[in-house]
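Peer 1: Quick one, structure for this:
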Amino acid sequence: MLYTMGEPITGITAVGLKGEGMRASKHTAICMILASVTLSSLLLFVEQDNSVVVAYEPIAKPAPAMTHAERSNRIRSAILTLAKKHRTFGDRERLRQLADMIYHESLAEELDPLLVAAIISTESSFRPAVVSTAGAVGLMQLRPFVAQDVAERNDLLWSGEITLVEPDQNVRLGVLYYRELVDRFQGDERLALIAYNRGPTRLRSQMRTSNGAVASRYAENVLRLYQQLCEDCGLLQA
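Peer 2: Numbers count the residues shown, from 1 in each chain. Down below sits the predicted model:
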């Protein structure tokens, strides 16, 4: 909420000013944190005592509260629906198992399952055996040398590139790697996504030469899909 001269202006969130802002549940918090990327806004100019305040009114608002079980079911259903759209991964039971696995692996690393699903959809369209021209493999499109490093540091099974064709192993390693990137970039989910796509070393170099401003269509696409998933399962109101 924006406060001007001590009076609240309801329904408006400040840009560049300290305020309460919107708060969401653990599983939808980054929708709010990343509002500048994922949410459209209406610019306003509020003048009082010769001061000008730039503000925006969020288009996506928190949905009404729901139980943990209801939230869990909706998230899994949204992941299942997304996977089914691609028609690239087995029968319904295997898709359900995949949705459950994405859900649990994400929560184990304190990540939003819907964001992980958005990464998978963008990276591989839920194709478990796809290999990119750069040699990235599987659902989360991990390069073998990156995945091996993650596996060895976390005492996980590594049997070479074939490990990445196994959906459970691929998602587990991909989630661990993305978690590391979120931590490395001080919780900035957008930078973590760019680093996931380009590599953290390359991103650091680009940030140094551009004063920290780095554009990324990849990150925008993932975050746009993520917001849509949140809205589809009722975690946000459009």
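Peer 1: and this structure, what are its domains?
Peer 2: 2-62, 68-237 (automatic domain parsing).
Peer 1: Spatially central residue in this structure, please.
Peer 2: Closest to where the C-alpha atoms of the chain average out (C-alpha atoms, centre = their mean) is Leu115, at 3.3 Å.
Peer 1: contacting residues for it?
Peer 2: If you count contacts by C-beta atoms under 8 Å, 6 or more residues apart in numbering, Leu115 has them with 30, 106, 189, 222, 226. Just so you know, the C-beta spots here come from the backbone N, C-alpha and C atoms, and that holds for glycine as well.
Peer 1: what's the spacing between the helix or strand containing it and its chain's center?
Peer 2: Element membership for Leu115 (DSSP states H and E) is helix 113-124. For helix 113-124, the separation from the chain centroid amounts to 8 Å (computed by C-alpha atoms, centre = their mean, to the nearest Å).
Peer 1: helices or strands next to the helix or strand just after it in the packing?
Peer 2: Per DSSP H and E, the first helix or strand lying C-terminal to helix 113-124 is helix 144-153. Where contact means 3 or more C-beta pairs under 8 Å, 6 or more residues apart in numbering; DSSP states H and E, helix 144-153 is packed against helix 167-184.
Peer 1: what's the helix it packs on packed up against?
Peer 2: Using 3+ C-beta pairs under 8 Å, 6+ apart, helix 167-184 sits against helix 92-108, helix 113-124, helix 144-153, helix 189-198.
Peer 1: most tightly surrounded among the domains of the chain?
Peer 2: Compared across these, domain 68-237 shows the largest average neighbour count, a mean of 18 (mean count of other C-beta atoms under 10 Å).
Peer 1: so how far is it from its chain's centroid?
Peer 2: 8 Å.
Peer 1: rewinding a little: I'd like the average pLDDT over the helix holding Leu115.
Peer 2: Taken as a whole, helix 113-124 has an average pLDDT of 97.
Peer 1: secondary structure class for Gly234?
Peer 2: Here Gly234 is recorded as coil under DSSP: H, G, I helix; E, B strand; the rest coil.
Peer 1: pretty sure Pro113 contacts Ile79?
Peer 2: Yes: using C-beta atoms under 8 Å, Pro113 makes contact with Ile79 at a distance of 6.4 Å.
Peer 1: Show me the common contact partners of these two, please.
Peer 2: With C-beta under 8 Å, 6+ apart, Pro113 and Ile79 have common neighbours 102-103.
Peer 1: mind checking how far stretch 231-238 is from the chain centre?
Peer 2: The chain centroid and the centroid of stretch 231-238 are separated by 15 Å under C-alpha atoms, centre = their mean.
Peer 1: Tell me the one of the contacts of Leu115 nearest Leu164?
Peer 2: Among the contacts of Leu115, Ser106 lies closest to Leu164 (C-beta to C-beta), at 18.1 Å.
Peer 1: Going by mean pLDDT, which of the domains of the chain comes out lowest?
Peer 2: Of all these, domain 2-62 carries the lowest average pLDDT, namely a mean of 40.
Peer 1: List the contacts of stretch 178-197.
Peer 2: For stretch 178-197, the external contacting residues (C-beta under 8 Å, 6+ apart) are 30, 33-34, 37, 109-111, 115-116, 119, 140, 150, 177, 200, 203, 214, 216, 218-219, 222-223.
Peer 1: Also stretch 143-162?
Peer 2: 134-137, 142, 163-164, 169-170, 172-173, 176-177, 180.
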